[in-house]
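Chemist: Here is a sequence with its predicted model. Questions after.
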Amino acid sequence: MTSTPAGLRIGVIDVRGHGTGHLMNRAMIESAVLDGGRQSGRQSGRERGSVTAEFATALPTVLLCLALCVSAVQAIAQQARLLDHAASAARLIGRGDAAPAPPAGATRAVGADGGLVCVTVSAPSGSAGLGALGVTVSARSCVLDDVGQG
């Protein structure tokens with residue numbers, strides 16, 4: 001500790017970081033902590049509004065990512081519905097029964113593959129995000145062809 005002519009006692013702290021030593025007195029450290037790291041409580045003109053600009057840049061990116069995640073979940077749910085329809089249609093066609101119509105906006109293709117009846121159901125993605133990109137969701141299900149064998 002050192003004394004000043006006015007009788008103030010100021011402690012000197014050696015701050016070492018990244019290989020260089022910086023001498024700072026306790027008053028400078030306390031001032032930096034109390035001022036939030038700004039020198040003399042002033043902000044430079046270049047830093048004014050930087051948080052607002054960063055937030056304005058990051059917010060649309062976060063919202064876009066959230067919208068794509070929601071669209072992906074909707075597409076997965078639609079694919080599950082199409083798979084359910086393809087499986088039930090394949091079972092009915094494999095038994096020789098008539099299958100119900102595919103869901104609205106979907107197309108169904110029936111084919112044979114070596115003793116199997118395969119049904120493929122496809123539809124454009126119903127979600128606004130992925131549907132705008134032209135993503136098509138499809139499902140395929142195959143069962144034994146009972147009608148053709150017996």
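Modeler: Here it is on my side, so go on.
Chemist: Look up how far Ala123 lies from Val147.
Modeler: Counting by CB to CB, to the nearest Å, the gap from Val147 to Ala123 is 27 Å. Placement of C-beta: from N, CA and C, glycine included.
Chemist: higher neighbour count, the two?
Modeler: A direct count of neighbours by other CB atoms under 10 Å for Val147 and Ala123 places Ala123 higher, at 22 against 12.
Chemist: How about the contacts made by the more buried one?
Modeler: Shown in contact with Ala123 (CB atoms under 8 Å, 6 or more residues apart in numbering): Gln78, Leu82, Pro102, Pro103, Gly105, Ala106, Thr107, Thr136, Val137, Ser138.
Chemist: repeat that with 10 Å
Modeler: Residues in contact with Ala123 (CB atoms under 10 Å, 6 or more residues apart in numbering) are 78-79, 81-82, 85, 102-108, 131, 136-139.
Chemist: now swap in Ala98 and tell me
Modeler: Applying CB under 10 Å, 6+ apart, we find Ala98 in contact with Ala89, Leu92.
Chemist: Let me see the backbone angles for it.
Modeler: Recorded main-chain torsions at Ala98 are phi -80, psi 140, according to degrees, to the nearest 10.
Chemist: again with the one 10 residues further on
Modeler: Dihedral pair for Arg108: phi -120, psi 140, per degrees, to the nearest 10.
Chemist: measure the closest residue to it other than its chain neighbours to Ser50 for me?
Modeler: Excluding the flanking residues, the one nearest Arg108 by CB to CB, 6 or more residues apart in numbering is Pro102, at 4.3 Å. Separation of Pro102 from Ser50 (CB to CB) stands at 54 Å.
Chemist: which of the two has more neighbours?
Modeler: Between Pro102 and Ser50, Pro102 has the larger neighbour count (other CB under 10 Å), namely 18 against 11.
Chemist: Give me the three-state assignment for that one.
Modeler: coil (DSSP: H, G, I helix; E, B strand; the rest coil).
Chemist: give the contact list for it.
Modeler: Counted by CB under 10 Å, 6+ apart, Pro102 has contacts Leu82, His85, Ala86, Ala89, Arg108, Ala109, Val119, Val121, Ser122, Ala123.
Chemist: can you do 8 Å?
Modeler: For Pro102, the contact set (CB under 8 Å, 6+ apart) comprises His85, Ala89, Arg108, Val121, Ala123.
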